[in-house]
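# what's the 3D shape of this:
(one chain, ligands or ions: 3)
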Amino acid sequence: MNPVVLTIGGTDSSGGAGLHQDMRSMQCFNVVQRSVVSLISAQTQTKLLHCEAVSDDMFIAQLDAAFCPEPPDAIKLGALANDTQVYQLVALLNQHPDIPVVWDPVLSTSAGGSLSQLSFDGIATLISRVTVLTPNLPELEYLTGFALRSDSDELEAAHQLLTLDCKHVLVTGGHRNQASPLCDKLYNQENTWQFLPHSKAARTLRGSGCLLASAIASALALHYDAEDAICYAEAVVASGFSVATPVNDDICHLIQSPPTPRSVHFPQVIKGLGRKPSALKFPPLRMTNPGLYPVVDSVEWLRQLLPLGFDIIQLRIKSVSDGLSEQIRDAIQLAETFSTQLFINDHWQLAIEYNAYGVHLGQDDLETADLAAIAKAGLRLGISTHGYAELCRVLPLKPSYIALGHIFPTRTKAMPSQPQGTQRLADYQRLCGEIPTVAIGGIALHNIDSVVATGVSSVAVVTAITESADVPQAVEALKGRIAHA
Ligand SMILES: Cc1ncc(COP(=O)(O)OP(=O)(O)O)c(N)n1
Ligand SMILES: Cc1nc(C(=O)O)sc1CCOP(=O)(O)O
Ligand SMILES: [Mg+2]
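Numbers count the residues shown, from 1 in each chain. Ligands and ions are numbered 1, 2, ... in the order given. You can find the predicted model right below:
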């Protein structure tokens, strides 16, 4: 069944913002749309003429109806007229703590004029139940009372909102000044992410805040994690704007379902507050469709597996022992004798020292490893990803391959992210374009066909080989499934 997304906000008689815009965005995600009208506004594209809140009884009656027969899977909030609406809504939401809520804190309209009469207690009460808050810079200033003069002011203001218990603050960049690039910044307790959209229009035109917030709610309803939901939502909105009908310089109507977003629509993603990665060059794989990719934790395993014939293999030693350096040296020599592309997991300095074929790094390693040194030494680089945000973060690096995980539940490693499944794997695979891809996580004989069908270049496995009763037979069976795809 398609997920249900509820939007709560005001009508805009010009059609350029509010519930109309929300619905246009939600229709791009194939979700069931429900709506609750909080206020009715008479607006032209440039002027707010009149605005009235719906009655308290009407508001609560709509809310009750919108939670019937089952509660929505995600909620997008726009303009709420007054504190009574906030308290009624939060009382209901507190009975459904798992529903993600996105609030685009529209307090005034871009057509000019105030829509909301919320007290600071009302605002704080609502924020405490919000999953993703999407203020632009003026809204962030209003909500926090900060005068935002620098990036560090913005960081401090966003963290002040996080202390009110919302999970993520996405400061949208449509109002950044000329000196600062158009960029949406996501703040949560763990990290900061920057999303650099490809389309300026998608951030600056009237109603674009409504579109983005509704798209994020729709992606959350589809169970994407917050940073992936934002990345995907930005791509869908950018794709929408690429086929939208311009009305004038400020207004552009999404009047049709946009095509599936392509790589050009996805934002560039930077983790942390750093700058864009500088251009590095990693050599390509010698064998670009390497098929079955065993990931093993000892030279003994390499000795057992290499004679069975592999184009690619990985040494993944997680417990550092005395002989680490020798094991890596021996593994590299051994793999060379079989002309197998050996990747060393984690230990990039030793990989450089012994001139390994390649290095495999995780997302956290990207903050500490010297990528320039790896590139300069001529080593190939493989990088792990677990969703849209991480993928868009590493695509500009053009690594030698991109790993896409974890596809199915795995016992081998405790994963902080959720299994991606093969539908998303197919989407990520398309996004990687010419860069070879490796699927990993929970893949075995019973599910490998659905993985191979996505067109990935390689399938990495640990336990499907290491825990099999008959290793050569397991290898042959897995290879057979890849060869016959
Ligand atoms: C092919 C492949 N894909 C993903 C991983 C995971 O790497 P990483 O995120 O660095 O985690 P650890 O393996 O170090 O636990 C991998 N090793 N290989
Ligand atoms: C080491 C590893 N990395 C993953 C990722 O998604 O990054 S999943 C994984 C474990 C793969 O083991 P198995 O084939 O036994 O499920
Ligand atoms: Mg690693």
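# so which residue of this structure comes closest to ligand 1?
G362 (2.6 Å; C-beta to the nearest ligand atom). Every C-beta, even on glycine, is put in place using the N, C-alpha and C of the backbone.
# Count the neighbours of that residue for me.
Number of residues near G362 (other C-beta atoms under 10 Å) recorded here: 15.
# surely it meets H386?
No - judged on C-beta atoms under 8 Å, G362 makes no contact with H386 at a distance of 9.5 Å.
# Check the offset of stretch 138-157 from the chain's centre.
25 Å (C-alpha atoms, centre = their mean, to the nearest Å).
# Check the average confidence over that stretch, would you?
The predicted model assigns stretch 138-157 a mean pLDDT of 92.
# Extract the C-alpha set from stretch 273-289 and format it as PDB.
The C-alpha trace of stretch 273-289 is given here as PDB (Å, rounded to 0.1, in the frame of the first residue of the first chain):
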ATOM      1  CA  LEU A 273      31.200  22.300   7.500                       C
ATOM      2  CA  GLY A 274      34.300  21.900   5.200                       C
ATOM      3  CA  ARG A 275      34.700  22.900   1.600                       C
ATOM      4  CA  LYS A 276      34.100  21.000  -1.600                       C
ATOM      5  CA  PRO A 277      36.500  18.100  -2.100                       C
ATOM      6  CA  SER A 278      39.400  19.000  -4.300                       C
ATOM      7  CA  ALA A 279      39.700  17.000  -7.600                       C
ATOM      8  CA  LEU A 280      41.700  13.800  -7.100                       C
ATOM      9  CA  LYS A 281      42.300  11.000  -9.600                       C
ATOM     10  CA  PHE A 282      42.100   7.400  -8.700                       C
ATOM     11  CA  PRO A 283      43.000   4.700 -11.300                       C
ATOM     12  CA  PRO A 284      40.100   2.700 -12.700                       C
ATOM     13  CA  LEU A 285      39.700  -1.000 -12.000                       C
ATOM     14  CA  ARG A 286      41.600  -3.200 -14.400                       C
ATOM     15  CA  MET A 287      38.600  -5.500 -14.600                       C
ATOM     16  CA  THR A 288      35.500  -3.300 -14.400                       C
ATOM     17  CA  ASN A 289      32.900  -6.000 -13.900                       C
END
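# Stretch 397-409 close to ligand 2?
Yes - Stretch 397-409 lies within reach of ligand 2 by C-beta under 6 Å from any ligand atom, at 405-406.
# can you pull out the strands in the stretch 1-150 of the chain?
4-12, 32-43, 48-53, 74-77, 101-103, 132-133 (DSSP state E, counting those that start in this stretch).
# By mean pLDDT, show me the worst of the ones you listed.
Ranked on mean pLDDT, the bottom entry among the strands of the stretch 1-150 of the chain is strand 48-53, at a mean of 90.
# what about stretch 462-469 and ligand 3, touching?
No - residues of stretch 462-469 are not located near ligand 3 by C-beta under 5 Å from the ion, the shortest gap being 12.8 Å.
# what about that stretch, how long is it end to end?
14 Å (C-alpha to C-alpha, to the nearest Å).
# Okay, buried residues for it please.
By 16 or more other C-beta atoms under 10 Å, the buried positions in stretch 462-469 come out as 462, 464-466, 468.
# what is the mean pLDDT for it?
98.
# What of stretch 289-298?
97.
# That stretch: how far from the chain's middle?
How far stretch 289-298 lies from its chain's middle: 27 Å, per C-alpha atoms, centre = their mean.
# Pull out the buried positions in that stretch.
For stretch 289-298, a neighbour-count test (16+ other C-beta under 10 Å) marks 290-297 as buried.
# Find the pair from these with maximum spatial separation.
Spanning the widest gap among the buried residues of stretch 289-298 are G291 and D297, at 20.9 Å by C-beta to C-beta.
# now R262, nearest residue through space, not along the chain?
S239 (7.3 Å; C-beta to C-beta, 6 or more residues apart in numbering).
# Return the residues in contact with the residue of the chain closest to ligand 1.
Contacts for G362 (C-beta atoms under 8 Å, 6 or more residues apart in numbering) come out as 346, 383-384.
# export stretch 450-459 as CSV, just CAs?
C-alpha atoms of stretch 450-459 as CSV (Å, rounded to 0.1, in the frame of the first residue of the first chain):
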residue,chain,number,x,y,z
SER,A,450,17.7,-10.0,-7.3
VAL,A,451,20.9,-8.2,-6.6
VAL,A,452,22.6,-9.1,-9.9
ALA,A,453,19.4,-8.0,-11.7
THR,A,454,20.0,-4.4,-10.7
GLY,A,455,23.1,-4.3,-12.9
VAL,A,456,25.8,-3.9,-10.2
SER,A,457,29.3,-4.6,-11.3
SER,A,458,30.2,-6.8,-8.3
VAL,A,459,28.7,-8.6,-5.4
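# Could you pull up phi and psi at the nearest residue to F282 once chain neighbours are set aside?
Closest residue to F282 apart from its sequence neighbours, by C-beta to C-beta, 6+ apart: L381 at 4.4 Å. Main-chain torsions, L381, degrees, to the nearest 10: phi -130, psi 130.
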